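**Student:** I would like to see how this sequence folds:
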Amino acid sequence: MSAHTAEMEHRLVGGRIETSNDSDFSKKILIHELEINDKSKLIHTGTTEPYRYWRYISPEGSYGNIAELEFYKKGTPTPYPGKIIVETEHDRPSSHPPGEKAFDGDWLTYFQGLTPDHCRIGIDYGKPEIIEKFRCIPRSDDNGIHTGDQYELFYWKRGKWVSMGQQTGKYHYLRYDHIPQKCLLLLRNLSRGTEERIFTYEDGDQIWW
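**Tutor:** Sure thing, here's the model as predicted:
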């Protein structure tokens, strides 16, 4: 992962998910404000009430960058589709409907607004719907953890990389136990992709080098 990509992923932090039964969101409910560990994670909405409109509002300075915005009804394994709504200027060519790239299932495409602050993009379901979960996938080079992909973690010891073993992705993260402290780490996706970058963990934070 490059420094530029890491910065792109952080553009979701502070974004908000809101819902309403009013098209202008004059009366709205704040569902969630995104934190650093929320990117690409399925998050429960915490409501069992039906609402027609669901949207993402980007934080300041982010230009609305988002690769995918997904809303799920209870018991459905795939995002629930609806009419895309965009409440900001966008820089997509006219051949693409506004906001389409945030709902096309491709993590390598993304929506981007023309203005830096508080871009709004969402779904109109036509009638109130109960949405159980949502997911916001950041703009990236798609080197995140994918379900079904094979990964291998290495640490640097005495001039060579030592494997900590292989794992198959099940969630948006991998868990390795008994990793040596204060060492360089390298994670490889054995299924696809070649862009790699060493990192360390310091006080629980991932530091890229």
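**Student:** When you work out contacts or count neighbours from here on, use the C-alpha atoms and nothing else.
**Tutor:** OK.
**Student:** now the residue nearest the centre of the chain, nearest residue through space, not along the chain?
**Tutor:** Centroid check for the chain by C-alpha atoms, centre = their mean gives Ile137 as the closest residue, at 1.9 Å. For Ile137, ignoring the flanking residues on the chain, the nearest one in space by C-alpha to C-alpha, 6 or more residues apart in numbering is Ser40 at 4.4 Å.
**Student:** Touching, Leu186 and Phe154? I think so.
**Tutor:** Yes: counting by C-alpha atoms under 8 Å, Leu186 does reach Phe154; the two are 5.1 Å apart.
**Student:** As a check, name the ranges of all strands in the chain.
**Tutor:** 16-20, 28-33, 43-44, 51-57, 68-72, 83-86, 120-129, 133-137, 150-157, 160-168, 185-189, 199-202, 205-208 (DSSP state E).
**Student:** other SSEs contacting the first one?
**Tutor:** Helices and strands in packing contact with strand 16-20 are listed as strand 28-33, strand 51-57; criterion 3 or more C-alpha pairs under 8 Å, 6 or more residues apart in numbering; DSSP states H and E.
**Student:** Domain-wise, how is this structure divided?
**Tutor:** 3-137, 150-208 (automatic domain parsing).
**Student:** Tabulate these (TSV), appending mean pLDDT.
**Tutor:** Listed next are the domains of the chain as TSV, based on pLDDT from 0 to 100:
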stretch	mean pLDDT
domain 3-137	88
domain 150-208	84
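**Student:** which of these sits most buried?
**Tutor:** Comparing the domains of the chain by mean neighbour count (mean count of other C-alpha atoms under 10 Å), domain 3-137 ranks first with a mean of 18.
**Student:** For Gly126, which non-adjacent residue is closest in space?
**Tutor:** Arg52 (6.2 Å).
**Student:** Isn't the one you found up against Asp124?
**Tutor:** Yes: with contact defined as C-alpha under 8 Å, Arg52 counts as touching Asp124 (6.0 Å).
**Student:** which residues touch stretch 74-85?
**Tutor:** Contact with stretch 74-85 is made by 70-73, 98-100, 121-126, 130-133, as judged by C-alpha atoms under 8 Å, 6 or more residues apart in numbering.
**Student:** Can I get it in PDB, CA atoms only?
**Tutor:** Provided in PDB are the C-alpha atoms of stretch 74-85 (Å, rounded to 0.1, in the frame of the first residue of the first chain):
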ATOM      1  CA  LYS A  74     -31.900  -8.500   7.100                       C
ATOM      2  CA  GLY A  75     -30.900 -11.900   5.800                       C
ATOM      3  CA  THR A  76     -29.600 -10.700   2.400                       C
ATOM      4  CA  PRO A  77     -26.000 -11.600   1.500                       C
ATOM      5  CA  THR A  78     -25.800  -8.900  -1.200                       C
ATOM      6  CA  PRO A  79     -26.400  -5.100  -1.100                       C
ATOM      7  CA  TYR A  80     -30.000  -4.000  -1.600                       C
ATOM      8  CA  PRO A  81     -30.300  -1.900  -4.800                       C
ATOM      9  CA  GLY A  82     -32.300   1.200  -5.200                       C
ATOM     10  CA  LYS A  83     -32.300   4.600  -7.100                       C
ATOM     11  CA  ILE A  84     -29.000   6.400  -6.700                       C
ATOM     12  CA  ILE A  85     -29.300   9.900  -5.300                       C
END
